[in-house]
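> What follows is a predicted protein model with its sequence.
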Amino acid sequence: SHGNKEVFSCRGILLAVQWFWDRGHKDITVFVPSWRKEQPRPDVLITGVFALDQYILRDLEKKKILVFTPSRRVGGKRVVCYDDRFIVKLAHESDGIVVSNDTYRDLQNERPEWKKFIEERLLMYSFVNDKY
């Protein structure tokens, strides 16, 4: 949401990670689709200078905070995995929280243990300019 639903903001990811890090939370995992590593098309905007924003993602990946979820091309079309499942599965298995504005309704119906977990461990957020 840092990009006001108009652009993908790597800086927003960094601001969120920093907010939790500054409060003593060191076991942080950010999931980003691997296609975000690609040079953006004009209709898929990424804020700022592409190289700088990509540096943010690469740096978080190097620090083992960011994980790129798999995707591939089949017949010229991108096939992506369902990122939400990675997020909820890891948080559930590690007794963590999910920081997202997604309610994961579909996953709540997929597994009974995930329903209770999502209801109790989903932390929604907002940005006010660069304040997380």
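Happy to help now that I have it.

> following the helix or strand of the chain with the lowest mean pLDDT, which helix or strand comes up?
Lowest on mean pLDDT, DSSP states H and E among the helices and strands of the chain sits strand 77-80, with a mean of 68. As assigned by DSSP states H and E, the chain's next helix or strand after strand 77-80 is helix 83-93.

> Give me the buried positions along that next one.
For helix 83-93, a neighbour-count test (16 or more other CB atoms under 10 Å) marks 83-85, 87-88, 91-92 as buried. For glycine as for every other residue, the C-beta is placed from the backbone atoms N, C-alpha and C.

> Only C-alpha atoms, please: export it in CSV.
This file holds the C-alpha atoms of helix 83-93, laid out as CSV (Å, rounded to 0.1, in the frame of the first residue of the first chain):
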residue,chain,number,x,y,z
ASP,A,83,2.1,-16.7,-2.7
ASP,A,84,-0.5,-16.5,0.0
ARG,A,85,-0.1,-20.2,0.8
PHE,A,86,3.7,-19.7,1.4
ILE,A,87,3.0,-16.8,3.7
VAL,A,88,0.3,-18.5,5.9
LYS,A,89,2.1,-21.9,6.0
LEU,A,90,5.4,-20.3,7.2
ALA,A,91,3.7,-18.1,9.8
HIS,A,92,1.6,-21.0,11.1
GLU,A,93,4.6,-23.4,11.3
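
> Good, we can wrap up now.
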